[in-house]
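K.L.:
Give me a model of this one.
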Amino acid sequence: MRSTLNIARRHVAHLRQALLSPSPEEIERCLPGLAEAAVCLGQIEGALRVEAADPMLAGELQALKRDLEMIGRMIRHSAAFYRGWASLLGAAAGGYTSDGQPAGIRIAGAVAVRG
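P.N.:
Below is the predicted model of the structure:
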């Protein structure tokens, strides 16, 4: 069970590092690992229903919880940053609306199709 938890924690650590990267491709590369981490956590949950938890495992589960909370904060802060940035760009590109809010950014749509 511990090795399964270590696999999940390792994938979560990779995501945390990817969130610090300026490239969205880094996050995309983490997605299969996160799916594996979810499977690992499901296995741990099933095992904990059958057998008593090792006290050391409880500490590692708490560490995983803290890691996931940190990642959640990183994602929320990133989203707030980009919303603010979009607001600034909207004001710079389109001025302000009649109620004093920055204008929304207009993004031209495009579709690319390959043979």
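K.L.:
Wait, residue 33 touches residue 8, no?
P.N.:
No: the criterion here is Cβ atoms under 8 Å, and residue 33 misses it with residue 8 at 9.3 Å. For glycine as for every other residue, the C-beta is placed from the backbone atoms N, C-alpha and C.
K.L.:
what helices or strands is the longest helix anywhere in the chain leaning on?
P.N.:
Longest helix of the chain, by residue count under DSSP state H: helix 55-94. Here helix 55-94 touches helix 2-20, going by 3 or more Cβ pairs under 8 Å, 6 or more residues apart in numbering; DSSP states H and E.
K.L.:
Can you give the distance of the helix it packs on from its chain's centre?
P.N.:
Mean-position distance between helix 2-20 and its chain equals 12 Å (Cα atoms, centre = their mean, to the nearest Å).
K.L.:
between it and helix 55-94, what angle do the directions make?
P.N.:
Angle of helix 2-20 versus helix 55-94, following axes from the mean of the first three to the mean of the last three Cα atoms, to 10 degrees, is 20 degrees.
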